[in-house]
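Colleague: the following block contains a protein sequence and its predicted model.
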Amino acid sequence: MIAAAPLRKLKRVYTDFSVTTNQVYYKFATSKVECNICHYKANRLTSDGWHQFIQCPKCRSDVRHRLLWATLEHNEEFSMQKMITGKRVLHFAPERPTTKLIRHQAQTYKTADYLMPGYQYDSIDYAIDMQDMPVIKDESFDCVIACDVLHYLADHKKGIREAHRVLAKGGYFIVTVPQRDNLEVTHEDPSITDPEERKEAFGSPDHLKIFGKDFSSFLSDAGFTVTEIDQHSFPEDLVKRNVLAPPILSQRKNATNFRKVFIGVK
């Protein structure tokens with residue numbers, strides 16, 4: 001029997017080889033989709049546990065990453081130049097597809113996470129709970145990024161208020177969260193502690209809530225002016241080309257079929 005770690009490494013080597021071979025082919029052939037982050041080209045992307053054909057096999061981006069990147073590239077009001085370039089950036093739970101690109105643009109780039117058992121990164125600047133960050137002074141950053149972080153917090157409102165506190169006037173809070181389709185009010189229940197019950201209620205054993213259509217109100221209540229960006233913020237051909245929305249909607253109860261990037265301005 002092959003040990004788990006060597007097996008994962010072997011699988012990754014095979015995947016990298018397949019990706020490289022695939023891209024040689026698409027230097028000469030027409031492709032239907034292209035990852036806007038790493039520029040992987042194909043006729044369709046790979047699938048994850050929630051959606052079919054939404055994950056880039058090269059950089060592992062999914063819809064939320066590419067939707068954020070499309071915003072930075074194509075939205076003049078919330079462009080890379082305005083929100084990231086030359087700015088002091090604090091990035092919670094930094095994700096592989098976007099971390100290096102954002103770090104390269106920022107004047108100061110700091111990472112943060114509340115490291116739970118089973119999670120680790122090569123390096124984190126702040127091992128802190130987003131709900132309570134006394135180590136970070138008021139108005140220390142120009143941009144705070146928290147993509148799919150707030151549903152892990154017992155009190156997401158405290159996390160949002162802390163983000164507001166550490167941002168300078170005019171600073172940006174970039175957020176994504178899982179939102180169950182057609183759920184009007186965010187569902188959370190602290191009495192649900194069993195992992196299987198949490199999975200049924202919120203979508204994963206370590207999720208503490210599933211957000212509804214009311215999410216933007218949490219940002220505005222904390223003092224942010226909020227803008228919601230989704231697939232309809234971009235031309236249809238760009239949405240299809242960069243897979244900014246799932247090509248096939250998931251039928252799972254807690255699926256987020258209609259991703260949004262929320263941007264709060266202090």
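Modeller: Great, that's in hand.
Colleague: so what does the closest residue to residue 212 other than its chain neighbours have for phi and psi?
Modeller: Nearest in space to residue 212, with sequence neighbours left out and distances taken as CB to CB, 6 or more residues apart in numbering, is residue 183 at 3.8 Å. The way it works is simple: take the backbone N, C-alpha and C, and place the C-beta from them, glycine included. Main-chain dihedrals, residue 183, degrees, to the nearest 10: phi -90, psi 120.
Colleague: for residue 183, which residues are in contact?
Modeller: 210-213 (CB atoms under 8 Å, 6 or more residues apart in numbering).
Colleague: would you mind listing which of the residues you listed are buried?
Modeller: 210-212 (16 or more other CB atoms under 10 Å).
Colleague: filter those down to the ones in strands?
Modeller: residue 210 (DSSP state E).
Colleague: how far away is residue 152 from residue 32?
Modeller: Residue 152 is 35 Å from residue 32, where distance means CB to CB, to the nearest Å.
Colleague: neighbour-wise, which of these two wins?
Modeller: Counted by other CB atoms under 10 Å, residue 152 and residue 32 do not tie: residue 152 has more neighbours, with 18 against 12.
Colleague: show me the shaky parts of the protein.
Modeller: 1-29, 115-122 (pLDDT under 70).
Colleague: and residue 109, that one's in a strand?
Modeller: Yes - the assignment for residue 109 (DSSP: H, G, I helix; E, B strand; the rest coil) places it in a strand.
Colleague: in what helix or strand does the closest residue in space to residue 221 that isn't next to it in sequence lie?
Modeller: Once flanking residues are discounted, residue 221 sits nearest to residue 157: 7.5 Å by CB to CB, 6+ apart. Using DSSP states H and E, residue 157 maps to helix 156-166.
Colleague: list of residues touching that helix?
Modeller: Against helix 156-166 from outside (CB under 8 Å, 6+ apart): 90, 130-133, 136-141, 144, 146, 149-150, 153, 173, 209, 218-219, 221-224, 264, 266.
Colleague: got a ChimeraX select line for the buried ones in those?
Modeller: In ChimeraX, a selection of the buried entries from the contacts of helix 156-166 looks like this (16+ other CB under 10 Å):
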select :90,130,131,133,136,140,141,144,146,149,150,153,173,209,218,219,222,224,264,266
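Colleague: so of the contacts of helix 156-166, which ones are in strands?
Modeller: 90, 141, 144, 146, 173, 209, 264.
Colleague: which residue is nearest the middle of the chain?
Modeller: Taking CA atoms, centre = their mean, the centroid of the chain lies closest to residue 147, which sits 3.6 Å from it.
Colleague: hmm, residue 175 and that one touching each other?
Modeller: Yes - counting by CB atoms under 8 Å, residue 175 is a contact partner of residue 147 at 7.1 Å.
Colleague: helices of the stretch 51-200 of the chain, start to end?
Modeller: 63-74, 80-83, 96-105, 156-166, 195-202 (DSSP state H, counting those that start in this stretch).
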